[in-house]
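Asker: Need coordinates for the below:
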Amino acid sequence: MEGLSSISKPLMRHLADQQIKTGEEATSPFSQACRVEGQVVTETFAGNSKAHYGFVQNQLYSLVTNFNLSSP
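Answerer: Residues are numbered from 1 along each chain as shown. As a prediction, the model looks like this:
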C-alpha cells in the first residue's frame, strides 16, 4: 500500500497546483508573488477538493486492476 500512497501524492499535488476541476473547484485558492529568475511572477496555489480524492482513487484502482499477473 505504501507504493500506492507514493503514487497518489504527486497526482493530488498536480490536481491542486493546476486547479483542475474533477467535479468541483479546488479549495481555498490563493495567489502569491514570487521571484523567478529575477522576475516577479504571480503563482496561484490551492488545496484538493473531495472530487480530487475520488479521481485519484479511481485512477489507482484502474492501474492496479490492469496489471497482468498471469505468467506467459
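Asker: tell me the pLDDT at the residue nearest in space to the middle of the chain?
Answerer: In the chain, the centroid-proximal residue (CA atoms, centre = their mean) is residue 12; its distance is 2.2 Å. Looking at residue 12, its pLDDT reads 90.
Asker: For residue 4, see how far away it is.
Answerer: 12 Å (CB to CB, to the nearest Å). Placement of C-beta: from N, CA and C, glycine included.
Asker: Residue ranges in the chain under the pLDDT threshold?
Answerer: 1, 68-72 (pLDDT under 70).
Asker: And the strands in it?
Answerer: For the chain, the strands defined by DSSP state E cover 27-36, 39-47.
Asker: can you put these in CSV and add distance to residue 57 and mean neighbour count?
Answerer: Shown next, in CSV, are those (distance: least, CB to CB, whole Å; neighbours: other CB atoms under 10 Å):
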stretch, distance to residue 57, mean neighbour count
strand 27-36, 17, 10
strand 39-47, 17, 11
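Asker: Pull the contacting residues for residue 7.
Answerer: For residue 7, the contact set (CB atoms under 8 Å, 6 or more residues apart in numbering) comprises 60, 63.
Asker: so how far is residue 27 from it?
Answerer: The value you get for residue 7 to residue 27, if CB to CB is used, is 22 Å.
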